[in-house]
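Q: Build me a model from this:
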Amino acid sequence: MRIWGNWGILACAGALLAACASQPKVPPPSTDIDEVAYRNDVWRLASDDFEGRKPGTPGEEKTVAYLTEQFRKLGLKPGNGQSFLQQVPMVETVAGADAGLSVEGRSGTIRFANGTDMVIWSKPGLPEAQLRRSDLVFVGYGVVAPEYAWNDYAGIDVHGKTVLVLVNDPGYGSKDPKVFKGGTMSYYGRWAYKIDEAARQGAAGVLLVYDADTAGYGWNVVQNTWGGAQLDLSASAGGAGHATVEGWIQKDAARKLFTAAGLDFEAAAAAAAHSGFKSVPMGLYVDAALHNSVRQFTSANVIALLPGSGHRKEYVLYTAHWDGLGRDPARPGHNIFNGAVDDATGVAGLLVLAQSFARTKPVAERSMVFLALTGGETGLLGSRYYVENPIFPLRDTAAVLNLDSLRPGGRTRNLTILGAGNTDLEDSARGAALLQGRSVTPEPLPEQGLYYRSDDFSFAKAGVPALYAMGGFDDSARGPVWGRAQFDDYMMHRYREPGDQYSADWDVRGSLDDLTLYYEVGDRVARTRRFPRWYPNSEFRLSRDHQAEP
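A: Predicted coordinates:
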């Protein structure tokens, strides 16, 4: 009986094996970019439940919890030891509604309306800030650039004074391709650089002249971004170094100042764009006063790690900023800045890329890091802090691929590389675009300096090759004119407005193509021994603190 029983067991086992063999094999999970997951993440992050994702609010708590949960579900490891979070100390300074700015001259006093003529704020953490009869000096573009033999502060001491500064570069103003980078903005054209340089020169105040043509957005964006709570890194986290009062003024307001000084604005601006310009004391005196409420708090970068195989202590970083502008209780009607395009799309892209890489077998040699950054809307604070306090050494970071505002729309015939001409990551992007049937075309708005306005810039300035690319305006079905019109409409009516909301009607095929390209570029970097390199003429080449060899 025992023998027959054993034979019976063997027979049953054979039958089971045969049955298993006849079952179709289950394919491994797809590594393709998951449209359903992407849409769901954009919808969730841009929903009213997340309250505009402003740092230091319940919206941050919900956002950080959601990202941590999603990374954990994907099987990724915490990026900061046992934690998914890197704490970022911040200070919030909110100017009272009575913020005032006036300028006195021989013909009387000019008072500027807060929010309409100007938007001003003060050095972080000051309960009160004021300027008293501060001499006003026009410093042109406010640039000190030895490599261009340019110094707008030469021969003048601005300590305790207020400087009036044009945005962009002398090359843009002169239309001379031999001056700076011609019509393409350089690092020195950024508004943030000009504010920093004014502080380095000892200025007590700095007023930027708003120009819609170079900004690429309306005055409403200035009001929404700088008119409320101002965030900065706390002084202990490297946030020191500001003028007492900073702000924007409308171009027409600047013209009034030049008229009061007996000067011609257009003539002075034209002179500022040419070599030999000398800063101009205007004979005017600035008074400003702000009464602030101040709050210290801690925000968070969210970091997830997918360990590599053979070279797991080398890293490829994907980045996107999770934050938005929050909500404005004083605004009637819908008052949440949902930030669907900017930047729920980028964060959703970060999550679906993490999903695709988690499904990729075999894993790449280098480790993949997915970094959702705080404070991107208010001076790239999270990326600045990370670069100064890196979790993974910058010298071991091969590349950064940044996601910021994946525009809704169909497929495009072209790809735009923002800040092109910097790193050979661009060669990989061109190759991946070619396989998608797309060409790489020049940046359509080089004067806006978009590369310097996103988190890739923080890493590039620290020497880590960083790529920021997205589909261009040439819509595959409707052409470049239609594509450009869609972009302009978004920038003028929804960018940094409550109207930036997700719609189920979005065509996201273009975004999926961009994410697929980013997957291919990152996978290639993670599977090769060579570190990406800066091009010889890149403005960031000398800041790289390592050049890893094959």
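Q: Quote the end-to-end distance of stretch 66-83.
A: With C-alpha to C-alpha, to the nearest Å as the measure, stretch 66-83 spans 14 Å from end to end.
Q: what is the mean pLDDT for that stretch?
A: For stretch 66-83, the mean per-residue pLDDT is 97.
Q: buried residues in it?
A: The neighbour-count check on stretch 66-83 (16 or more other C-beta atoms under 10 Å) flags Tyr66, Leu67, Thr68, Gln70, Phe71, Leu74, Leu76, Pro78, Gly79, Asn80 as buried. In this view, the C-beta of every residue, glycine as well, is placed from N, C-alpha and C.
Q: hmm, who's touching it?
A: For stretch 66-83, the surrounding residues in contact (C-beta atoms under 8 Å, 6 or more residues apart in numbering) are 41, 44-45, 50, 84-86, 302-307, 322, 347, 351, 354-355, 358, 369-372, 391-392.
Q: Can you flag the buried ones in the residues you listed?
A: Applying 16+ other C-beta under 10 Å to those flags 41, 44-45, 50, 84-86, 302-306, 322, 347, 351, 354-355, 358, 369-372, 392 as buried.
Q: Could you list which of the residues you listed belong to strands?
A: Applying DSSP state E to these, the entries found in strands are Leu85, Gln86, Val302, Ile303, Ala304, Leu305, Leu306, Val369, Phe370, Leu371, Ala372.
Q: export these to TSV and tack on distance to Gly155?
A: Shown next, in TSV, are these (distance: C-beta to C-beta, whole Å):
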residue	distance to Gly155
Leu85	49
Gln86	44
Val302	48
Ile303	47
Ala304	52
Leu305	52
Leu306	55
Val369	47
Phe370	49
Leu371	44
Ala372	46
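Q: tell me which of those residues is nearest to His493?
A: Nearest to His493 among these: Ala372, at 27.1 Å, using C-beta to C-beta.
Q: Contact partners for the closest one?
A: Leu67, Asn301, Val302, Ile303, Thr319, Ala320, His321, Trp322, Val347, Leu350.
Q: Next, count neighbours for the last one.
A: Using other C-beta atoms under 10 Å, the number of residues around Leu350 comes to 31.
Q: Could you report the distance from it to Tyr66?
A: Separation of Leu350 from Tyr66 (C-beta to C-beta, to the nearest Å) stands at 12 Å.
Q: Also the fourth one?
A: Look at Ile303 and Tyr66: by C-beta to C-beta, they are 15 Å apart.
Q: Equivalent analysis for the fifth one, please.
A: Taking C-beta to C-beta as the measure, Thr319 falls 18 Å from Tyr66.
Q: per-residue confidence at the spatially most central residue of the chain?
A: Among the residues of the chain, the one closest to the centroid is Ser454, at 2.1 Å (C-alpha atoms, centre = their mean). Looking at Ser454, its pLDDT stands at 95.
Q: what about the closest residue to it other than its chain neighbours, which SS state?
A: Spatial nearest neighbour of Ser454, chain neighbours left out: Asp404 (4.4 Å); criterion: C-beta to C-beta, 6 or more residues apart in numbering. Using DSSP: H, G, I helix; E, B strand; the rest coil, the structure places Asp404 in coil.
Q: What pLDDT is listed against Asp404?
A: 94.
Q: Next, count neighbours for it.
A: Neighbourhood size, Asp404 [other C-beta under 10 Å]: 23.
Q: ok, it touching Gly349?
A: No - taking contacts as C-beta atoms under 8 Å, Asp404 lies outside contact range of Gly349: 9.5 Å.
Q: shared neighbours, these two?
A: Common neighbours of Asp404 and Gly349 (C-beta under 8 Å, 6+ apart) are Ala320.
Q: Wait, Pro55 touches Gln230, no?
A: No - in terms of C-beta under 8 Å, Pro55 does not count as a neighbour of Gln230; the distance is 11.7 Å.
Q: Of the two, which one has the most company?
A: Neighbours were counted for Pro55 and for Gln230 using other C-beta under 10 Å; Pro55 has more, 28 against 20.
Q: That one belongs to a helix, doesn't it?
A: No - under three-state DSSP, Pro55 sits outside any helix and is assigned coil.
Q: For the closest residue in space to it that isn't next to it in sequence, list each beta-bridge partner.
A: Nearest residue to Pro55, sequence neighbours excluded (C-beta to C-beta, 6+ apart): Ser299, at 4.1 Å. Beta-bridge partners recorded for Ser299 (DSSP bridges): Val88.
Q: check contacts around Ser299.
A: Pro55, Gly56, Glu60, Gln87, Val88, Met90, Asp323, Thr374, Gly375, Leu381, Gly382.
Q: Repeat the analysis, applying 6 Å as the threshold.
A: Shown in contact with Ser299 (C-beta atoms under 6 Å, 6 or more residues apart in numbering): Pro55, Val88, Met90, Thr374.
Q: If you count neighbours, what's buried in stretch 211-222?
A: In stretch 211-222, counting by 16+ other C-beta under 10 Å, buried: Asp211, Thr214, Ala215, Gly216, Tyr217, Gly218, Trp219, Val221, Val222.
Q: I should have written stretch 131-140 there, sorry.
A: Applying 16+ other C-beta under 10 Å to stretch 131-140 flags Leu131, Ser134, Asp135, Leu136, Val137, Phe138, Val139, Gly140 as buried.
Q: For my notes, please list the buried residues of stretch 211-222 in JSON lines and give secondary structure, distance to Lys161 and pLDDT for each entry.
A: Putting the buried residues of stretch 211-222 into JSON lines (DSSP: H, G, I helix; E, B strand; the rest coil; distance: C-beta to C-beta, whole Å; pLDDT from 0 to 100) gives the following:
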{"residue": "Asp211", "secondary structure": "coil", "distance to Lys161": "23", "pLDDT": "89"}
{"residue": "Thr214", "secondary structure": "helix", "distance to Lys161": "25", "pLDDT": "81"}
{"residue": "Ala215", "secondary structure": "helix", "distance to Lys161": "25", "pLDDT": "81"}
{"residue": "Gly216", "secondary structure": "coil", "distance to Lys161": "30", "pLDDT": "78"}
{"residue": "Tyr217", "secondary structure": "coil", "distance to Lys161": "29", "pLDDT": "85"}
{"residue": "Gly218", "secondary structure": "coil", "distance to Lys161": "30", "pLDDT": "87"}
{"residue": "Trp219", "secondary structure": "helix", "distance to Lys161": "26", "pLDDT": "91"}
{"residue": "Val221", "secondary structure": "helix", "distance to Lys161": "28", "pLDDT": "87"}
{"residue": "Val222", "secondary structure": "helix", "distance to Lys161": "23", "pLDDT": "91"}
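Q: Sheet-wise, list the partners of the strand or helix carrying Ser102 with their directions.
A: Using DSSP states H and E, Ser102 maps to strand 100-105. Partner strands and pairing direction for strand 100-105 (DSSP bridges) are strand 108-112 (antiparallel), strand 280-306 (antiparallel).
Q: What residues does the residue nearest to Met368 when sequence neighbours are not counted make contact with?
A: Nearest residue to Met368 in three dimensions, chain neighbours excluded: Leu306, at 4.2 Å (C-beta to C-beta, 6+ apart). Contacts were defined as C-beta under 6 Å, 6+ apart; by that measure Leu306 touches Leu76, Phe357, Met368.
Q: so how far is Ala268 from the first one?
A: Between Leu76 and Ala268 the computed distance is 55 Å (C-beta to C-beta).
Q: can you pull the contacts of Lys123?
A: Lys123 neighbours (C-beta under 6 Å, 6+ apart): His242, Thr244.
Q: low-confidence ranges in this protein?
A: For the chain, applying pLDDT under 70 flags the ranges 1-27, 236-240, 543-550.
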